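Engineer: Return a 3D structure for these sequence lines:
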Amino acid sequence: MINLKTLKDADLEGKKIFLRLDLDVPIENGEITDDSRLLASLDTLNFLFKNWGNVIIGGHLGRPTSKWQMANGKWQIDKENRKFSLQPVTDWFAKHYSTSPIKGRIEQFEGWKIKDNLFILENLRFFEGEEKNDPEFSKKLASLADIYINDAFAASHRSHASIVGIPGILPHFAGLGLVKEIEGLSKVLDNPKKPLMVVIGGEKIETKLPLVKKMLFFADTVLVGGEIAQELKIRMDQNHNELGEIKAKLLTADLNSEEKDITPESAVQFSEELKKGSTIVWNGVVGVVEEGFEYGTKQISQAIEESGAYSVVGGGDTVGYLKKIGAINNFSFVSMGGGAMLEFLAGEKLPGIEALQTA
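Structural biologist: Have a look, this model is predicted:
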């Protein structure tokens, strides 16, 4: 189990706090479609307010392709990338606290004042120094506060300025949500009940293939579905040693004729296997659920529920879908992380967590 100093160890009274949160939520037509990550942040926020902290929230949304440009004395972003503004997230927090956001600025950082002790910065990825982990940019962010708190588990696998740069400058602590993530996922790492099964879906083959390889040594059975399964089969046909020597049983689903869901036969195979599991980790839907291709994903959900296993689910698409069909409470632990969850379970050291462990 990882030991971290938490915000409960910090002297917060009267302090300015830089709070890194998971603000990367799905937005359609300016509306948030799944607010799970924002809801998860409220425990930490309310603790900070109760202990008289002044909070500056920093976070990101999506992957903007352009950065701030100065024009006529104002920071501006091009029209195409305005969809990555954190305005909808700010509106969500303002509604929660029954107030209205006021656009403002803290030094050179634009954002919104929610109330006297809460300010939300605009998308940090609008700044070039964020993803480059630029030391000067880290210093500018750190200058806004006295204390740094990381409650953004889903972003803690990134070596960005607001994740690893600031804690190298300010006293740093883990938020309540980050601690909850580590505790919930550690139950899978620390002597899990066997058999341990891992379901990986989605389409990000380049991101998930290295993790699939590691899971094949960590788990007893790995089940791969969705576009990633199709790509994996192609690679294995081209190179029989693509995965190297493996320890676990590997099942890869077939796609249906429309290539937007797994076949009923694959869904049955996955379901029968999962019902044998004692510990199950699931990340990634196996069909294009937003277009109604949800048969395979729903079958996996039902099979995990019927297994009675200790179950962990993560990944924005998966969590969002399970909330939509009212099945999210059927899982033992819901992680706010996607790639971060898989990397943690694969034994990778997350830069954000490592940064909190330094003196």
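Engineer: which of the residues in the one helix or strand Ala303 maps to are buried?
Structural biologist: Ala303 belongs to helix 295-307 when assigned by DSSP states H and E. Of the residues in helix 295-307, Tyr295, Gly296, Thr297, Lys298, Gln299, Ile300, Ser301, Gln302, Ala303, Ile304, Ser307 count as buried by neighbour count, 16 or more other Cβ atoms under 10 Å. Heads up, the C-betas are built off the backbone N, CA and C, glycines and all.
Engineer: Any chance you could list what contacts it?
Structural biologist: If you take Cβ atoms under 8 Å, 6 or more residues apart in numbering as the criterion, helix 295-307 is touched by 199, 201, 225, 253, 261-264, 266-268, 270-272, 274-278, 280, 282, 285-287, 289, 311, 318, 321-322, 325, 327, 330-331.
Engineer: which stretches of the stretch 51-200 of the chain form strands?
Structural biologist: Counting by DSSP state E, counting those that start in this stretch, one finds strands in the stretch 51-200 of the chain at the ranges 54-58, 69-71, 74-76, 102-106, 109-115, 118-121, 147-151, 172-174, 196-200.
Engineer: quick one: low-confidence ranges for the stretch 51-200 of the chain?
Structural biologist: 70-73 (pLDDT under 70).
Engineer: Please repeat the previous calculation with a cut-off of 90.
Structural biologist: Within the stretch 51-200 of the chain, the segments meeting pLDDT under 90 span 51-53, 65-82, 107-108, 187, 189-191.
Engineer: Doesn't Leu209 belong to a helix?
Structural biologist: Yes: Leu209: assigned to a helix according to DSSP: H, G, I helix; E, B strand; the rest coil.
Engineer: Which pLDDT does the model give the closest residue in space to Leu243 that isn't next to it in sequence?
Structural biologist: The shortest distance from Leu243 to any non-neighbouring residue, by Cβ to Cβ, 6 or more residues apart in numbering, is to Lys213 (5.8 Å). Note for Lys213: predicted pLDDT of 84.
Engineer: cool, Leu23 as well?
Structural biologist: 97.
Engineer: how near is it to Glu122?
Structural biologist: 11 Å (Cβ to Cβ, to the nearest Å).
Engineer: swap in Ile234?
Structural biologist: Distance from Ile234 to Glu122, by Cβ to Cβ: 41 Å.
Engineer: More neighbours: which of these two?
Structural biologist: Higher neighbour count among Ile234 and Glu122: Glu122, with 25 against 12, using other Cβ atoms under 10 Å.
Engineer: Next up, the contacts around the more buried one.
Structural biologist: Applying Cβ under 8 Å, 6+ apart, the residues near Glu122 are Ser85, Leu86, Phe109, Glu110, Gly111.
Engineer: Burial check on the second one, number of neighbours?
Structural biologist: Okay, so that is Leu86. 26.
Engineer: again, but for the fourth one
Structural biologist: Applying the criterion other Cβ under 10 Å, we find 17 residues in the vicinity of Glu110.
Engineer: From Leu189, how far out is the closest residue to Gly201 other than its chain neighbours?
Structural biologist: Among residues not flanking Gly201 along the chain, Gly284 sits closest, at 3.1 Å (Cβ to Cβ, 6+ apart). Between Gly284 and Leu189 the distance is 20 Å, computed by Cβ to Cβ.
Engineer: Ile163 touches Ala154, doesn't it?
Structural biologist: No: counting by Cβ atoms under 8 Å, Ile163 stays clear of Ala154, with 10.7 Å between them.
Engineer: Partner strands of the host helix or strand of Val313 and their direction?
Structural biologist: Using DSSP H and E, Val313 sits within strand 310-314. In the sheet, strand 310-314 lines up against strand 279-283 (parallel), strand 333-334 (parallel) (DSSP bridges).
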